[in-house]
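Asker: whatever this is, show me its structure:
(chains A, B and C)
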Amino acid sequence: MEIPLIKVAEIVTGECIGDENFVITGINSLDQAGPSEISFFSDRRYGESLKNTKAGALLVSEINDEFRGPQVVTPHVELAYSKIAVIFAMPPTRYPGISADAFIGENCRLGEDVSIFPMVYVGEDSEIDDGTTLFPGVVIDEGVKIGKRSILYPNVTVLRDCVIGNDVIVHAGATIGSDGFGFVRNGSSSVKVPQTGIVQIDDHVEIGANNCIDRAAFGKTWIKEGVKTDNLVQIAHNVVIGEHSIIVALAGISGSSQLGRGVVIGGQVGVIDHMEIGDGAMVGSQSGVAKSIPAGGVVSGTPAIDHRLWLRSTVMIARLPQFSDRLRRLEKQVRELESRMTDDGGRTTDDG
Amino acid sequence: MEIPLIKVAEIVTGECIGDENFVITGINSLDQAGPSEISFFSDRRYGESLKNTKAGALLVSEINDEFRGPQVVTPHVELAYSKIAVIFAMPPTRYPGISADAFIGENCRLGEDVSIFPMVYVGEDSEIDDGTTLFPGVVIDEGVKIGKRSILYPNVTVLRDCVIGNDVIVHAGATIGSDGFGFVRNGSSSVKVPQTGIVQIDDHVEIGANNCIDRAAFGKTWIKEGVKTDNLVQIAHNVVIGEHSIIVALAGISGSSQLGRGVVIGGQVGVIDHMEIGDGAMVGSQSGVAKSIPAGGVVSGTPAIDHRLWLRSTVMIARLPQFSDRLRRLEKQVRELESRMTDDGGRTTDDG
Amino acid sequence: MEIPLIKVAEIVTGECIGDENFVITGINSLDQAGPSEISFFSDRRYGESLKNTKAGALLVSEINDEFRGPQVVTPHVELAYSKIAVIFAMPPTRYPGISADAFIGENCRLGEDVSIFPMVYVGEDSEIDDGTTLFPGVVIDEGVKIGKRSILYPNVTVLRDCVIGNDVIVHAGATIGSDGFGFVRNGSSSVKVPQTGIVQIDDHVEIGANNCIDRAAFGKTWIKEGVKTDNLVQIAHNVVIGEHSIIVALAGISGSSQLGRGVVIGGQVGVIDHMEIGDGAMVGSQSGVAKSIPAGGVVSGTPAIDHRLWLRSTVMIARLPQFSDRLRRLEKQVRELESRMTDDGGRTTDDG
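Answerer: Residues are numbered from 1 along each chain as shown, chains lettered A, B, ... in the order given. Alright, predicted model coming up:
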């Protein structure tokens, strides 16, 4: 594909500096771009790469004198990069139509331009809407609904009656709709509590590889529009994840917790059950959330506290051996002062 | 299905208050129950839901005046709920018989009423006993034994010679019997130690989605009766998990550690190798167990210490910046006292 | 199989003490070995097992008087054990040839002695080299290259254009080459950044069950020769893992971080993005690496600090309640000293 720079500027609503007829054939990092490719510069850490780049053109947030070739100036370089990259990126592999080697149950409704690879199982009464792709090894249980243009990568499992929206991506090995972890103690043993709800995943959600999203005990576990989860994330029964929230790898959200819009959960974070995390709150990596967080809150640590306080506190943890020494020294000094004082007092009395 | 309340009372060994011929058609949460459904109330946090419920009947631990309809009084409401819910819950999907599109190796023994979906692979010399269900994508290697009425959900893998008991549930994507992580350093590289043991899973165990349970180096990794593991749990080679223990999501138990009966391991806990954790011990979420725990012990933190001490200690971590200020102030005060004392001492001497 | 002890000594380059014609038929732990099996002793913790063993022969690092049978003395007992065990270990199951029930795309190149089970999918333009085994449920996307003698266990997914070397083992359920977690904020929503790179896995690597290794944004995520990862490990886009490094279960390495040779990452460790971890560095379990680590560095804690300092500091965390009491006592003592001093001063003045 070939795109003139003026077209690039149009796509990213930027301004073209230099030869606007310059034709690019791809986009790449500063280090790897060739003379017919465009690259991008937005992070000073890559100054050295900028000096040595062989890129033919550059996306920048302000005109850069270090770079001799034509430039497209646009306020949000990362977004601009993403818009251009998607044009050049190879679209995901698709199977042409529905493979005769897939297993499609009775009473299924398959939309137009659905792509179903061999080695796919779709249980009865399920619906797969227009333009959706199911890779090999995908298993869809009965009564599942999947919207338009979604992609389920290999070995994804979606269990009974779950609902997935439009333009959703589920990466390989993820499990949607396994039973929530609900047991009641009966003497020394555990009695399973039937998990009768579902998982609902709204439009434009992206679920990472090997995620586990459990079905609700009642009602639904709900992943709202635009949520993105990284790999190996655990979402328990009846959790609600608000619109456009982000959950980084290996984090776990316990039962019935509710996250607002635009929440950011760092990697390996744990959230206990029944928490409420307000809109736009941020939880630092490896934190353990054991108290609800108001909208806009920023917390870290286990148990999680205000992020800035945590920063100051953890610096101090490394100084605890010093603290201990200082305490011991103070105690010695105070004992000496007390004994001198008593001696003085004694002497004074003697004197008197 | 329709059940009169007197029958409900019988099942949960409770007492019926009000119209014992009232017929229920389902069980649901206070918020979602309709007029022909029964709900349950055991947690005061849901008092508001109780006021507004449309449920026709109620499971309670003592007669509740807020609720006008008939009630079933039973000491353990959660257990009662679970017993009624299982009656109304839809049983898991089953395939009628053994699909012609499953691959069954030679010398396999398949019991009566086995349900094997298409896209299942069973290696030679394996045994699948009466009433067990294998969902699509399940792969059973050679020489595996699976007991009666067990359910293996989609894309579960069970490797060679592993043994699974009766009434076991393995959720989607779990791996049973992969090689233990055993290597010996030889100069700068690692030499694989053959993992020649198996995994044995006893009756009534439930294994969460995307769990990994490694085969033993020798002998067996052993998950005893009634154990329940949440999603994304890692159990290393030669670990023994005692009867009815519970392991919450994203926890990892390292090689040869032994857990007693009724142990509770919180989410994201790590246990190092060769630990012994006594009967009924509890480990708080995100803790790191680096010392064995006696029976009944309750620990938290990394490294894990007594839970109450940990609670008090972590509160103090947030106060460390204060501590630091107080230390500095004390040091200043003591310096001043010392210098005044010396001045006084000097004066006293002068006076004398 | 039967091997005389003199042959064992030769294989492990050790010295035979006692009957060198003694024939062994297997290798086992001290507790489980029978009279025709060899066992090994290198860890004093197993002294009791040594006394009671029924093993016929023993691998030891120095002659052991407690054991009456013939012994093979060799400096590195674990390595010797591993070399003998691999002789007796059953080789992994193989399918004879390429199953007619596997799906092989167009333009694939399959080497000699390739073993492809039923229920395997290989996308077009892929290459599977000599002696490699693909278990049921393995899904290979288009354009993938896999070297010689590698083993991909059940339900492994390898996505487009990824490259896997020779003698690689990928355990069940692992996902190689899913999209990196790259999004750009656009107002309140997240725009996906196309992930156009690949994953490259070099020779003699072993990848644990249910691992996730993401493809690069550009270029490659690179797992170098001899790396071993435990189960449920997350490796993000553009990460480089140096030769012979070891990553224990449930650890996560964030985007673009670079690990040197022979690095050891403990279980449940998190490494933030763009870190550099030098050759031979070690990170203790559950640590959070938020600063680069020089070669040979040993760190622990969140955020990670020098390991010895961390050991001393964490001991002190448990003493914080004591510290608090001591601080309070000191403050009281100092107040009293100050007031006595003032009184004394007053008295002194009065006296004068």
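
Asker: who in the stretch 251-352 of chain A is up against chain B?
Answerer: The stretch 251-352 of chain A comes close to chain B at residues A:252, A:254, A:268, A:270, A:272, A:286, A:288, A:301-303, A:305, A:309-310, A:312-314, A:316-317, A:319, A:323, A:326-327, A:330, A:333-334, A:337, A:340-341, A:344, A:347-348, A:351, as judged by CB under 8 Å from any CB of the partner chain. Heads up, the C-betas are built off the backbone N, CA and C, glycines and all.

Asker: so of the residues you listed, which ones are in helices?
Answerer: A:309-310, A:312-314, A:316-317, A:323, A:326-327, A:330, A:333-334, A:337, A:340-341, A:344, A:347-348, A:351 (DSSP state H).

Asker: and the buried ones among the residues you listed, selectable in ChimeraX?
Answerer: In ChimeraX, this line selects whichever of those come out buried by 16 or more other CB atoms under 10 Å in any protein chain shown:
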select /A:309,310,313,314,316,317,323,326,327,330,333,334,337,340,341,344
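
Asker: can you pull the contacts of the closest residue to A:E142 other than its chain neighbours?
Answerer: Computed as CB to CB, 6 or more residues apart in numbering or on different chains, the closest residue to A:E142 that is not its neighbour in sequence is A:G123, at 3.7 Å. By CB atoms under 8 Å, 6 or more residues apart in numbering or on different chains, A:G123 lies in contact with A:105, A:140-144, A:160, B:93.

Asker: redo that, cut-off 7 Å
Answerer: A:105, A:140-142, A:144, B:93 (CB atoms under 7 Å, 6 or more residues apart in numbering or on different chains).

Asker: per-residue pLDDT of it, please?
Answerer: In this prediction, A:G123 carries a pLDDT score of 98.

Asker: also A:R45?
Answerer: On the pLDDT scale, A:R45 gets 86.

Asker: likewise the one 4 residues further on?
Answerer: Per-residue confidence for A:S49 comes out at a pLDDT of 92.

Asker: that one: which element?
Answerer: helix A:47-52 (DSSP states H and E).

Asker: what residues of that helix count as buried?
Answerer: A:49-50.

Asker: what does stretch A:129-139 give?
Answerer: Buried-residue list, stretch A:129-139, by 16+ other CB under 10 Å: A:129, A:131-139.

Asker: try stretch A:88-95
Answerer: Quick answer for stretch A:88-95 (16+ other CB under 10 Å): A:88-89, A:93, A:95.

Asker: from the residues you listed, which is closest to chain C?
Answerer: Nearest to chain C out of the buried residues of stretch A:88-95 is A:A89 (CB to the nearest CB; 3.6 Å).

Asker: ok, that closest one to C:E112 distance?
Answerer: Distance, A:A89 to C:E112, using CB to CB, to the nearest Å: 36 Å.

Asker: next one: A:A102
Answerer: According to CB to CB, A:A102 and C:E112 sit 31 Å apart.

Asker: these two: who's more crowded?
Answerer: A:A102 (19 against 8; other CB atoms under 10 Å in any protein chain shown).

Asker: right, and the more buried one touches A:V114 too?
Answerer: No: the pair A:A102 and A:V114 fails to qualify as a contact (CB atoms under 7 Å) at a distance of 10.3 Å.

Asker: so what's the residue in the stretch 251-352 of chain A positioned nearest to chain B closest to, chain neighbours aside?
Answerer: Chain B sits closest to A:M316 of the stretch 251-352 of chain A, with a gap of 3.8 Å, by CB to the nearest CB. Spatially, and ignoring its direct neighbours in sequence, A:M316 is nearest to B:L320 (3.8 Å; CB to CB, 6+ apart).

Asker: pLDDT value on that neighbour, please?
Answerer: 90.
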